[in-house]
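Chemist: What would the 3D arrangement of this be:
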Amino acid sequence: QVQLVESGGGLVQAGGSLRLSCAASGRTLSRYIMGWFRQAPGKEREFVAAITRSNGYTYYLDSVKGRFRISRDNAKNTVYLQMNSLKPEDTAVYYCAADESLTYSYREASYDYWGQGTPVTVSS
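Modeler: Numbering: from 1, shown residues only. Below you'll find the model as predicted:
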């Protein structure tokens with residue numbers, strides 16, 4: 001199985017940027033569809049973005065389209081989430097997840113492996 005470790009979270013002012021990283025060990029990330037999810041205080045975890053294995057198709061939550069970009073570097077076994085124009089409503093713990101399925105899904109249940117999360121706080 002694969003182990004995932006997120007990093008790059010922190011405190012940023014509204015309008016600022018952060019880049020989250022998700023480093024994998026144990027197996028190569030190229031085997032998986034990779035996703036980012038987030039959970040804000042008092043809310044359920046929600047899908048943010050996903051990227052497919054080889055052709056790099058990407059999918060986004062509507063509210064982050066045009067501001068966030070997911071990418072992967074299979075050689076470094078790492079997935080990234082570049083977050084620009086951050087808003088206070090983006091405040092959450094962000095999780096990286098790996099999906100062994102053949103097709104993309106935004107559903108949590110489809111993802112097989114999860115990181116521990118990295119917190120992002122956006123101040124107004």
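Chemist: can you give me the helices in this structure?
Modeler: Taking DSSP state H to define them, one finds no helices in the chain.
Chemist: Can you pull up the most central residue in it?
Modeler: Nearest to the mean C-alpha position of the chain, counting by C-alpha atoms, centre = their mean, stands Trp36 at 2.3 Å.
Chemist: contacting residues for that one?
Modeler: Leu20, Cys22, Val48, Ala49, Ala50, Ile70, Val79, Leu81, Tyr94, Tyr95, Cys96, Ala97 (C-beta atoms under 8 Å, 6 or more residues apart in numbering). Every C-beta, even on glycine, is put in place using the N, C-alpha and C of the backbone.
Chemist: Which of those sits closest to Val122?
Modeler: The shortest gap between Val122 and any of the contacts of Trp36 belongs to Tyr94, at 11.6 Å (C-beta to C-beta).
Chemist: Return the residues in contact with that closest one.
Modeler: By C-beta under 8 Å, 6+ apart, the neighbours of Tyr94 are Glu6, Gly9, Leu20, Trp36, Phe37, Arg38, Val48, Leu81, Gly117, Thr118, Pro119, Val120.
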